[in-house]
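S.K.: got a predicted model here, sequence first, then my questions.
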2 protein chains.
Amino acid sequence: MERSGTHEEAKETRWSDRYAQRTYGMKSSAIRELLKYTQDPEMISFAGGLPGPEVFPLAEIEAAAQLVLQGQGRAAVQYSTTEGHLPLREMLVRHMDRYGIKVSPDNVLVTTGAQQALDLIGKLFINPGDHVLTEAPTFLGALQAFTAYQAEYLTVPIDDDGMRVDLLEDALRAGPKFLYVLPNFQNPAGVTLGLERRRRLVELASHYGVPIVEDDPYGQLRYEGEHLPPIVKLDAEFHGCANGERSFRGDVLYLGTLSKTLAPGFRLGWVVAPEDVIRRLVMMKQGADLHTSTFTQMVAYETARGGFLDRHVRTIRSVYRERRDAMLRAMDAQFPKQVRWTRPQGGLFLWVTLPQGMDSSKLLAEALREKVAFVPGTSFFPKGGGAETLRLNFSYSRPPVIEEGIRRLAAVIRANMVKPSSLTEVAAG
Amino acid sequence: MERSGTHEEAKETRWSDRYAQRTYGMKSSAIRELLKYTQDPEMISFAGGLPGPEVFPLAEIEAAAQLVLQGQGRAAVQYSTTEGHLPLREMLVRHMDRYGIKVSPDNVLVTTGAQQALDLIGKLFINPGDHVLTEAPTFLGALQAFTAYQAEYLTVPIDDDGMRVDLLEDALRAGPKFLYVLPNFQNPAGVTLGLERRRRLVELASHYGVPIVEDDPYGQLRYEGEHLPPIVKLDAEFHGCANGERSFRGDVLYLGTLSKTLAPGFRLGWVVAPEDVIRRLVMMKQGADLHTSTFTQMVAYETARGGFLDRHVRTIRSVYRERRDAMLRAMDAQFPKQVRWTRPQGGLFLWVTLPQGMDSSKLLAEALREKVAFVPGTSFFPKGGGAETLRLNFSYSRPPVIEEGIRRLAAVIRANMVKPSSLTEVAAG
């Protein structure tokens, strides 16, 4: 037994000696690990970024799958082009046009979720040691994608109006490879970048010659207030390119997804970029997964077409608005006054700041015992910090469940706030 | 206009200045480019590696999709775990057990096609400048995946029994990060690594401490002769690990796919590895595409289960055997005697060697005019060479089409062989 033990250890060493440097800086995703807890049926999860399962249009998807397999079955399960299913790309182009994004299908690459767009952008642009400029906090999945290419980070803080663009110039001067920003209902904080800040961001990025990666998974999920123009549109205007084709010589890569409006299990996202960049991303995607599932692309197109997706998004908005309101109402009623939180106008998340000195990671261990889950804020800060912050998702659970979960979480927070002073009292007593 | 032209050029330069070094060595895939020609309905394509569309089990897939959406619809379109759908992984484990590969579901990661397994392995192991040892010729998709991580190559030639293992030691001594091999009906050459060579390969790799990546997309598609044990099994035996769990401390990563046995459009492959390696590959996959489509995983499982996949593979074997035989018969009858080719016992491809001095890339231009496509051999050699070779696929077309395609190709080859001597005659006359 001992001999085989030694043998096995030797094997493990052999492998681990061989891992590339790119693994060293990479943390396992706290969110993915937490998702395991959410399989406990007693657990109320505010942790993931999951759509509410009640809103999935299963009957429509089933009808679409049948239509696709009966009408174009052989094409649907065969190999296809890396660029993506053309009717789907054409639909995405028409859809983006309404938001002022004027492109052709040649500017669109379908990806295996928007996560893959982040990975391909990392692969195309990042040499080991290159800097990427992000908000702090920012989307964990982007950090995972870029860190795999051994990116370093420059960060700019956020406030209730999104990225602090007034603090951007120092970071831009340091020469990042690109700037990554989530302007609408940001993940994790739920905040939205104001219009004047968007314009200033475009000016500054252009002045310092830094391209922008605009990640917009939640843009359509606005529950109140006015839609703001995407950065890619403002960039085109800034460069004086008003007409369709010309606007795609800009400095912005725009990312979209069907995960939040149709179904995440399809793994369908897309990236919009100048044709030269798309061609190179296509080369990267050939080596990464050849192409995204033909079957899911065709079923998604067949489900979404003819105005169904628009009607469905209206349904989602009304469902999630109710859930957001339920969460905010419960927090107003139950959270201690010393706790602060954002009030998102859309999206899936809100962001909680505990009193200074509290640690949301420690709080999580207790919360899980009380059967309520969230994501500690530290995961979202590429350069550390955020121990007193946490992210709550409000899209996944129905209002009564949200209310019960907030009740449990408020109790855990209160218990943790009381402790230090009661200890002091004990010590004093 | 001139001014805007200058403006636009400046933009393109801005992007292209920013591409990472990893793009420099990367060629666009000749195969993918050629696939565009195959959309001409007059074209007979021996170019791609496409399954014959007649064999897709569309009715069974449609029934499975309906069952999945009606029975587990919410789970099927929701986010899921990175590791993959557990019932699918359990089925793959049972299936591999028959081939002597003894693993648990914890040793299996579902990937977005086996192409993604190659990408994740590249991401986990390759630092810029690291060497990978491959056959020459080898699978183009593997070169695309590894080159994106700035791999360099060491190569060993092949003959009719696969990799020339007798020439392996020098390359192993040079210290490659891993060895990549396709033992069964190799892509592109169609050759199979003999049993004694497999054993010797395991010994040598172990002696020099070099892990093996065994890519086995075609192993089940054997049309004649005896199945040979996979390298991963021989490696486990070599290390004296006969029982189930212990066999997974070995030095082999094994890759499988459903693309050739069920449907490539699902984009479903898998990698088998020791648990420690799987955990790290899971981290890489989180950043790459979060997880593979839940929907395609569940539909594939539901289609394949209960013995259907086994029955279906038997059908595929008989269809492709007939197509292989039709191609070989037509080549025997029509190709000039100076041309040589392999006689694969399985898989999708055979490999043609033209007389010295002929260039298959030049031949392709003429062949496309005559409406027949193939892939020139040079694409498959990571360090150059192979100008006189080409790859033919026999799985995609029905026998009469194959016969007509070979007739066209034989004519093009003959025309190109005649020219030099007739020019000589003209010069002499």
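M.R.: Good, I have the coordinates.

S.K.: quick check: residues of the stretch 201-350 of chain A near chain B?
M.R.: Applying CB under 8 Å from any CB of the partner chain, we find that the stretch 201-350 of chain A lies next to chain B at A:209, A:211, A:239, A:246, A:249-251, A:259, A:263-267, A:274, A:276-277, A:280, A:283-284, A:286-296, A:299. In this view, the C-beta of every residue, glycine as well, is placed from N, C-alpha and C.

S.K.: run a quick neighbour tally on the residue lying closest to A:Gln345 once chain neighbours are set aside.
M.R.: Once flanking residues are discounted, A:Gln345 sits nearest to A:Gly225: 4.6 Å by CB to CB, 6 or more residues apart in numbering or on different chains. By the measure other CB atoms under 10 Å in any protein chain shown, the count of residues near A:Gly225 is 9.

S.K.: you'd agree A:Gly225 is in a strand?
M.R.: No - with DSSP: H, G, I helix; E, B strand; the rest coil as the criterion, A:Gly225 is located in coil rather than a strand.

S.K.: the stretch 101-250 of chain A: helices as residue ranges?
M.R.: Assigned by DSSP state H, counting those that start in this stretch, the helices in the stretch 101-250 of chain A fall at A:113-125, A:140-147, A:168-173, A:195-208, A:231-238.

S.K.: may I have the last one as CSV, with CA atoms only?
M.R.: Right, helix A:231-238. Taking Å, rounded to 0.1, in the frame of the first residue of the first chain, the C-alpha atoms of helix A:231-238 are listed here in CSV:
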residue,chain,number,x,y,z
ILE,A,231,-21.6,53.1,-25.4
VAL,A,232,-21.1,51.6,-28.9
LYS,A,233,-23.6,54.0,-30.3
LEU,A,234,-22.2,57.0,-28.5
ASP,A,235,-18.7,56.0,-29.7
ALA,A,236,-20.0,55.9,-33.3
GLU,A,237,-21.5,59.4,-32.9
PHE,A,238,-18.4,60.7,-31.3
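
S.K.: by contact count, what packs against the longest strand along chain A?
M.R.: Counting by DSSP state E, the longest strand found in chain A is strand A:152-159. When contacts are defined as 3 or more CB pairs under 8 Å, 6 or more residues apart in numbering or on different chains; DSSP states H and E, strand A:152-159 packs onto strand A:131-136, helix A:168-173.

S.K.: average model confidence for the last one?
M.R.: In this case it means helix A:168-173. Averaging pLDDT along helix A:168-173 gives 96.

S.K.: what's the answer for the first one, then?
M.R.: For strand A:131-136, the mean pLDDT works out to 98.

S.K.: likewise stretch A:362-379?
M.R.: Average pLDDT, stretch A:362-379: 93.

S.K.: give me the distance from that stretch to the chain's centre.
M.R.: 20 Å (CA atoms, centre = their mean, to the nearest Å).

S.K.: stretch A:268-285 too?
M.R.: In terms of CA atoms, centre = their mean, the centre of stretch A:268-285 is found 19 Å from the chain centre.

S.K.: contacting residues around the nearest residue to A:Asp40 once chain neighbours are set aside?
M.R.: Leaving aside its sequence neighbours, A:Asp40 sits nearest to A:Lys371 (CB to CB, 6+ apart; 7.3 Å). Applying CB atoms under 8 Å, 6 or more residues apart in numbering or on different chains, we find A:Lys371 in contact with A:Asp40, A:Glu42, A:Met43, A:Ile44, A:Arg408.

S.K.: ok, and the most crowded of these?
M.R.: Per-residue neighbour counts (other CB under 10 Å) across the contacts of A:Lys371 peak at A:Ile44, which has 24 neighbours.
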